[in-house]
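Novice: Sequence below, structure please.
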Amino acid sequence: MKVFVLGGGGREHSLGYKLAQSADVDGLFFLPGNGGTARLGENLPISPTDVDAVLAAAKEHKPGLVVVGPETPLFAGISDRLTQEGFRVLGPSTKAAMLEQEKAFAKEFMKRHHIPTASFKVFTDIASAKHYVEGKDSPLVVKASGPALGKGVIVCSTPQEALAAVDKMMAERKFGRAGDRVVVEERLVGEEVSILILTDGVNYITFPPVQDHKPIGERDTGPNTGGMGAYASAPLVDAPLLERIEDEIIQPVLAGLQMEGIGYRGVLYMGLMVTQEGPKVLEFNCRFGDPENQPLMMLIDEDLLQLLVDTARGRLTTRRVKTRPGSALCVVAASGGYPGVYEKGKQIRLNVEENSDLVCFHSGTKEQEGKLLTSGGRVLGVTAFASDLREAKERAYAPLEEKRIYFDGIYFRRDIGDKGIRRLANEL
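Specialist: Predicted coordinates for the structure are as follows:
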């Protein structure tokens with residue numbers, strides 16, 4: 001089967017890495033791909049948001065499955081269009097993707113179906129939003145309702161900070177039309193974790209819990225990024241907690257979608273806060289995470305193609321995905337200056353022997369005149385598997401610390417996985 005993977009980051013490289021292991025894959029195409037995906041298949045210089053160009057390429061190459069990596073093509077209607085033209089797609093419809101595209105929609109959906117989340121209000125005018133904030137004396141979170149490339153959430157410690165956040169979104173229009181509606185919600189206290197499932201809208205397959213690291217600085221300091229690393233399975237979520245997440249969140253979400261006549265075939269990513277009262281939903285994403293996907297692909301011990309095809313066909317049986325016993329951890333190597341201004345075109349040294357326990361997933365790389373160069377803020381995701389989390393961390397960091405992986409200005413956090421390692425140590 002030929003497979004299209006839409007996107008060009010580490011998530012798409014890791015999907016391609018796992019798909020390439022399937023005996024039933026006889027052609028991988030990445031739109032547009034990167035320097036790493038070029039080694040697995042063919043990169044097509046097509047933007048995944050150019051629906052017409054993607055459709056034309058699909059008609060030419062005739063893939064048996066199209067896997068949508070990032071969220072923007074989903075919002076643009078790529079799944080609807082390709083499905084209408086007879087192609088099998090792993091990725092929800094535009095209507096279903098509203099769970100990620102519009103935070104106000106997601107919050108109101110959760111309220112209707114009694115899914116635990118932070119208390120909230122939605123505002124369309126700045127005066128009402130400010131009046132609400134001024135009446136609160138507890139920490140708040142202010143969110144632009146529309147898509148803002150992961151930057152439209154401001155966590156506030158004081159009412160003054162929340163008022164400034166409202167101004168930034170609704171008066172200064174820092175996030176454009178994404179700030180037409182604003183969600184103001186209580187600030188939850190606890191520890192974050194992500195749960196991903198494949199679902200055909202009725203049944204689902206659960207992946208191991210994963211924790212990522214958004215801030216640029218160690219100990220979670222500094223501005224947020226797309227993610228500086230991740231590890232799985234996260235020790236925070238034990239068997240009883242995972243069962244509770246399924247009972248209180250996953251199953252009610254799927255039941256709510258069915259009740260509202262919203263079909264869903266694809267990945268559903270739930271960003272959760274584990275509070276003293278239990279797990280609560282922070283956000284939904286309608287696709288695999290990045291860099292969360294990298295350690296997950298190292299853990300999965302079954303044919304990914306079959307899983308994705310069964311999802312797209314609506315043939316799933318509810319269960320947990322099969323995994324190798326152990327842990328996987330990804331460290332992101334970023335360009336100096338990221339998430340602010342950074343330079344591109346730095347030559348990359350990759351002096352590592354990759355194997356089933358160590359893979360360098362490419363995010364912002366490109367091949368040019370036989371050289372591998374940086375082309376983005378997040379450049380590589382060095383990902384390792386081992387029998388335990390501590391060893392996985394050591395394996396992932398070794399080539400970075402020894403400069404076998406290097407480029408001018410390279411930056412990476414040195415504390416990825418420490419939270420999970422400490423939790424395991426305290427349980428002994």
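
Novice: So which bits of the longest helix seen in the chain are buried?
Specialist: Ranked by residue count and defined by DSSP state H, the top helix of the chain is helix 389-401. Residues of helix 389-401 classed as buried by neighbour count (16 or more other CB atoms under 10 Å): 389-393, 395-397, 399-400. (C-beta placed from N, C-alpha, C; glycine too.)

Novice: Show me which pair in these is furthest apart.
Specialist: The span of the buried residues of helix 389-401, defined through CB to CB, is set by 389 and 399 at 18.1 Å.

Novice: Tell me the strands beside the very next helix or strand once past the longest helix of the chain, with direction?
Specialist: Using DSSP states H and E, the next helix or strand after helix 389-401 towards the C-terminus is strand 405-406. If you go by DSSP bridges, strand 405-406 pairs up with strand 349-350 (antiparallel).

Novice: all helices in this protein, in order from the N-terminus.
Specialist: Under DSSP H, the chain gives helices at 10-19, 51-61, 72-75, 78-84, 98-101, 103-112, 126-134, 159-166, 239-245, 251-259, 293-299, 304-313, 389-401, 418-427.

Novice: which residue ends up closest to the midpoint of this structure in space?
Specialist: residue 289 (1.6 Å; CA atoms, centre = their mean).

Novice: who are the neighbours in contact with that residue?
Specialist: 11, 194, 196, 210, 212, 227, 230, 269 (CB atoms under 8 Å, 6 or more residues apart in numbering).

Novice: isn't the last one right up against residue 290?
Specialist: No: taking CB atoms under 8 Å as the definition, residue 269 is not a contact partner of residue 290, at 10.5 Å.

Novice: how does this structure divide into domains?
Specialist: Listed by automatic domain parsing, the domain ranges of the chain are 2-91, 125-180, 191-320, 327-427.

Novice: hmm, back to that, between the buried residues of helix 389-401, which is nearest residue 415?
Specialist: Relative to residue 415, and with distances defined as CB to CB, the nearest of the buried residues of helix 389-401 is residue 393, at 9.4 Å.

Novice: is it true that that closest one touches residue 421?
Specialist: Yes: between residue 393 and residue 421 there is a contact under CB under 8 Å: 7.0 Å.

Novice: if we can go back for a sec, with neighbour numbers in mind, choose between residue 269 and residue 290.
Specialist: residue 290 (26 against 23; other CB atoms under 10 Å).

Novice: what's near enough to touch that one?
Specialist: Neighbouring residues of residue 290 by CB under 8 Å, 6+ apart: 9-11, 226-227, 363.

Novice: Any idea which of the helices of the chain gets closest to residue 346?
Specialist: Nearest of those to residue 346, taken as CB to CB: helix 389-401 at 15.2 Å.

Novice: Where does the prediction get shaky in the chain?
Specialist: For the chain, the stretches with pLDDT under 70 are 428.

Novice: still on that earlier bit, right, and out of the buried residues of helix 389-401, which lies closest to residue 123?
Specialist: residue 389 (42.1 Å).

Novice: Excluding chain neighbours, what is closest to that closest one?
Specialist: residue 327 (4.1 Å; CB to CB, 6 or more residues apart in numbering).

Novice: got the contact list for that neighbour?
Specialist: 231-233, 295, 299, 385-389, 391-392.

Novice: Quick check: buried residues in stretch 314-333?
Specialist: Buried residues in stretch 314-333, counting neighbours by 16+ other CB under 10 Å, are found at 316, 321, 323, 326-333.

Novice: Equivalent analysis for stretch 208-226, please.
Specialist: Buried residues in stretch 208-226 (16+ other CB under 10 Å): 208-216, 224-226.

Novice: can you check stretch 157-176 too?
Specialist: For stretch 157-176, a neighbour-count test (16+ other CB under 10 Å) marks 159, 161-166, 168-170, 174-175 as buried.

Novice: The closest residue to residue 116 other than its chain neighbours bridge partners, please.
Specialist: Of all residues not flanking residue 116 in the chain, residue 280 sits nearest, at 4.5 Å (CB to CB, 6+ apart). Residue 280 forms beta bridges with residue 273, as assigned by DSSP bridges.

Novice: next one: residue 267
Specialist: Here residue 267 sits in beta bridges with residue 198, as judged by DSSP bridges.

Novice: what number of residues lie near it?
Specialist: Number of residues near residue 267 (other CB under 10 Å) recorded here: 24.
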